[in-house]
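K.L.:
below: sequence and its predicted model.
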Amino acid sequence: MDMMEMTDMSYMINRMERTNETKRKKSDQLKILESLNSRTHLAHAQQQYMINLQKGFEGEALFDKLIQNYLGTDRECLQDRLITYNGSTAQIDALILIGNTLNLYEVKNYEGEHQQLSGHFRRLKGQEFICPSIQLNRTEKVLRQILSQWTETFEVHSYVIFVNPAFTLYDAKISDPFILPTQIRKHFEKLKKNQTQSSKECIRLINKLQSESRSGEKYRGTPQNYAYEDLRKGLICSNCHSFNLKLTQRQAICRDCGEQRKNDRLLLSHIDELTLLFPETKLTTALVYDWIDGKLIKRRIGRLLHSLS
């Protein structure tokens with residue numbers, strides 16, 4: 001295999017790795033909070049934090065759908081990555097390579113009417129918070145510092161994109177790096193029009209950023225303390241987290257939302273949940289049986305655990 005073939009193979013491997021990451025997954029932190037919210041009482045602050053994480057995840061999933069609809073799958077993209085330079089760490093929601101230009105996005109799923117003040121946003125109900133362009137500027141600064149070590153030939157365009165159609169912003173300036181809901185279509189149609197083949201140098205850059213960054217998952221904190229004996233046991237709907245399930249011989253049906261799931265698949269999700277909540281605990285048939293409150297027979301549990309070992 002010559003050097004060109006090796007380079008092409010390396011590109012394909014990195015492309016496949018990024019493609020496998022295209023569909024965003026809930027962070028472990030969000031999954032833990034949702035589990036605890038179903039099985040115990042979350043403090044109000046933790047509930048609000050969970051809701052914010054849920055809205056953030058929903059916004060990023062909506063953004064991904066926009067990218068898919070307008071740009072298809074044949075594009076270079078990094079999602080939910082942490083970059084670090086000289087001790088400064090920043091999180092990239094999305095970085096899309098179009099031609100030889102890097103498009104950096106801070107994705108927001110805000111809802112309702114907001115006003116932009118000096119360095120702040122204010123909900124019309126009165127709550128103020130830091131303007132998202134400040135976080136965007138920080139991320140762009142770290143990204144440019146990293147790029148300056150490798151190359152000087154890339155343009156970086158940075159945006160805060162508001163994906164929720166129910167969002168309204170007053171007092172925004174034309175010079176602000178904002179993509180409002182009514183501007184999304186025009187923005188991505190323009191990108192699509194400029195969607196030319198990226199140079200090998202650009203592709204190498206994306207591969208390098210992929211390999212030298214890390215998942216944003218590790219950047220997130222830990223929820224409140226909890227103990228096994230304090231958590232409610234039983235089977236939970238994977239969609240709405242309700243305990244109100246109807247079990248048949250083959251599947252579980254949620255009486256609240258109608259979600260249907262094969263029993264083995266549902267059981268596997270509860271094993272994953274138990275492992276996530278208590279990673280140091282050894283899984284046994286008896287433990288899993290207790291965790292699901294005996295809703296499925298031990299023989300099924302043992303068989304599934306054996307297949308995972």
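P.N.:
Done, it's in. Numbers count the residues shown, from 1 in each chain.

K.L.:
got the buried residues for the longest helix seen in the chain?
P.N.:
Longest among the helix segments of the chain by residue count, using DSSP state H, is helix 44-71. Under the neighbour-count criterion of 16 or more other CB atoms under 10 Å, helix 44-71 has 49-50, 53, 56-57, 59-64, 66-67, 70-71 buried. (Each C-beta comes from the backbone N, C-alpha and C, glycine too.)

K.L.:
closest to H41 among those residues?
P.N.:
Distance to H41, by CB to CB, is smallest for M50 among those, at 12.6 Å.

K.L.:
so what's that closest one up against?
P.N.:
M50 makes contact with 30, 33-34, 37, 42, according to CB atoms under 8 Å, 6 or more residues apart in numbering.

K.L.:
so what's S269 closest to, chain neighbours aside?
P.N.:
Closest residue to S269 apart from its sequence neighbours, by CB to CB, 6 or more residues apart in numbering: S238 at 5.5 Å.

K.L.:
now flag whichever of the buried residues of helix 44-71 is closest to H306.
P.N.:
Distances from H306 to the buried residues of helix 44-71, taken by CB to CB, are shortest for F57, at 33.4 Å.

K.L.:
re earlier: of the contacts of M50 - the most surrounded one?
P.N.:
L33 (22 neighbours; other CB atoms under 10 Å).

K.L.:
any idea what G126 is structurally, helix, strand or coil?
P.N.:
Under DSSP: H, G, I helix; E, B strand; the rest coil, the three-state class of G126 is coil.

K.L.:
please enumerate the strands of the stretch 1-150 of the chain.
P.N.:
76-85, 88-98, 101-108, 112-116, 120-123, 128-130 (DSSP state E, counting those that start in this stretch).

K.L.:
mind giving me the domain split of the protein?
P.N.:
Domain assignment for the chain, taken from automatic domain parsing, gives 3-219, 228-308.

K.L.:
got the contact list for stretch 120-132?
P.N.:
Under CB under 8 Å, 6+ apart, the answer for stretch 120-132 is 106, 108, 110, 112-117, 119, 160, 169.

K.L.:
and that stretch, C-alpha only, in PDB?
P.N.:
Provided in PDB are the C-alpha atoms of stretch 120-132 (Å, rounded to 0.1, in the frame of the first residue of the first chain):
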ATOM      1  CA  HIS A 120     -27.100  39.900  28.400                       C
ATOM      2  CA  PHE A 121     -30.300  38.500  27.200                       C
ATOM      3  CA  ARG A 122     -33.500  39.100  29.200                       C
ATOM      4  CA  ARG A 123     -36.700  37.200  29.000                       C
ATOM      5  CA  LEU A 124     -39.600  39.500  29.000                       C
ATOM      6  CA  LYS A 125     -40.700  38.000  32.300                       C
ATOM      7  CA  GLY A 126     -37.600  39.500  33.800                       C
ATOM      8  CA  GLN A 127     -34.900  36.800  34.100                       C
ATOM      9  CA  GLU A 128     -31.400  37.800  32.700                       C
ATOM     10  CA  PHE A 129     -28.600  35.600  31.600                       C
ATOM     11  CA  ILE A 130     -25.300  35.900  29.700                       C
ATOM     12  CA  CYS A 131     -25.600  36.500  26.000                       C
ATOM     13  CA  PRO A 132     -24.700  33.300  24.100                       C
END
